[in-house]
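Asker: generate coordinates for the sequence data below:
(one chain, ligands or ions: 1)
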Amino acid sequence: MAKITLSNLAHRYAPLGSQASSYALTEINHVWQDGGAYALLGPSGCGKTTLLNIISGLIKPSQGRVLFDDNDVTGVPTEQRDIAQVFQFPVVYDTMTVRENLAFPLKNRGMAKPDIQARVALIAEMIGLEELLDSKARRLSPDAKQKISLGRGMVRESVNAILFDEPLTVIDPHLKWELRTQLKALHREFGHTMIYVTHDQTEAMTFADKVVMLHEGRIVQIGTPEDLFEQPEHTFVGHFIGSPGMNLLDASIHGDLAMLGERAVPLASAYGTVAGRTQIGIRPEHIRVMADGGLPAEIRAVENVGHRRIVRAHLDGHSLNIVLPPGEPLGTGTLHLQFPPDKINVYADEWRVAGSIR
Ligand code: ATP
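Answerer: Just a heads-up that it's a prediction; the model follows:
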């Protein structure tokens, strides 16, 4: 297992000066800890696969260095990086049994037979393949084949890192949560450095200790799922994480008050001069509804999604989403809202600004 350092890293696919010379990744400087479980999260085209391929060695970056512990591996080919990879679609040997497939990476490296047997049995149990160990891979469902791929990715104990590129795409939806949980358990058990690419926030948040959020080729936040939810560092994170995402309202900031037009919203901290486009962010789940007073919001629509209701409302022309528990029918009319001060984030030109603690 290794600590992974990305130093001054950037990548463009076409040479500078050519038509398509824009950067797929802009400057990245980060250290990923040995044994950490990271998810690379972001929408299509944000640079997740490019970054993963730079770490695996499939792509040589146009700028910067990749280090595994203190070794510079920037120019080292994939097969010499001692990593395991699991791709979107299963990579299995159809003519081999499940047992032979799982044993293959170990046999290749000359491990003793009894050790191989023990390791294969352990992985098969953890990934739910014990019953199928002697079945030929070609007879199995796509789900089971992808389980073999996952198992093969995990089977070697001494790898620098295990890289997953959207590994649950072909998995049946009801099995996804089960496999995510198993992967997390495997991480806890073996402590490998794991990097997991996905565009699915639920997958990222349930798998990773730290989520690396990419936006237009740049890392905009690395944090725990809770950090990304409670304190998004960039409005894009606020908007991308959550369903619906964070409400963002244009406001001017004056000390410990945010002014939404003429309405004053108290903040938990005081702010100095905040330049640029200023906004406040509040999660739909954090907005409180009061009997009267507060901020008057006009109900436009109510979506009942079983365990909660999403209210679409208007506050002085701003669209606002509010998440409420099930309850009395809301109908139409006005809601009286309160934004708890400690749940409000302040942004200037899309980036979060910290207030001074009072
Ligand atoms: P997806 O989830 O759709 O795979 P991604 O987040 O993994 O997206 P990348 O595939 O890394 O994003 O792509 C980042 C940017 O680089 C995109 O603008 C993409 O069009 C561009 N790109 C990716 N591969 C190539 C390539 N081989 N040649 C030129 N441009 C590329």
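
Asker: wait, what's in contact with the residue in the stretch 51-200 of the chain that the ligand sits nearest to?
Answerer: With Cβ to the nearest ligand atom as the measure, the residue in the stretch 51-200 of the chain that lies nearest the ligand is His199; the distance is 5.4 Å. (Glycine included, C-beta is placed from N, CA and C.) His199 is in contact with Leu41, Gly42, Pro43, Ser44, Lys48, Glu166, counting by Cβ atoms under 8 Å, 6 or more residues apart in numbering.

Asker: and which of those is nearest to Arg308?
Answerer: Leu41 (23.2 Å; Cβ to Cβ).

Asker: contact partners for that closest one?
Answerer: Residues near Leu41 by Cβ under 8 Å, 6+ apart: Lys48, Thr198, His199, Gln201, Ala204, Val211, Val212, Met213, Leu214, Phe240.

Asker: cool, Gly238 as well?
Answerer: With contact taken as Cβ under 8 Å, 6+ apart, Gly238 is in contact with Pro232, Gly245, Met246, Leu248, Gly281, Arg283, Asn345.

Asker: any idea which helix or strand comes after the helix or strand where it lies?
Answerer: For Gly238, the host element (DSSP states H and E) is helix 235-240. Read in the C-terminal direction, the helix or strand following helix 235-240 is strand 247-250, with elements assigned using DSSP H and E.

Asker: contact partners of that next one?
Answerer: Under the criterion Cβ under 8 Å, 6+ apart, residues 235, 238-239, 260, 277-284, 287, 315, 318, 320-321, 347 lie in contact with strand 247-250.

Asker: and if you look at stretch 44-63?
Answerer: Outside stretch 44-63, the residues that touch it by Cβ under 8 Å, 6+ apart are 4, 6, 8-12, 24-25, 27-28, 40-42, 66, 73-78, 80-81, 83, 85, 161, 163, 165, 195, 197-199, 214-218.

Asker: return the members of the residues you listed classed as buried.
Answerer: The neighbour-count test (16 or more other Cβ atoms under 10 Å) applied to the contacts of stretch 44-63 identifies 4, 6, 9-12, 24-25, 28, 40-42, 66, 73, 81, 83, 85, 161, 163, 165, 195, 197-199, 214-218 as buried.

Asker: inside strands: which ones of those?
Answerer: Judged by DSSP state E, strands contain the following of the buried ones among the contacts of stretch 44-63: 4, 6, 9-12, 24-25, 28, 40-41, 66, 83, 85, 161, 163, 165, 195, 197-198, 214-215, 218.
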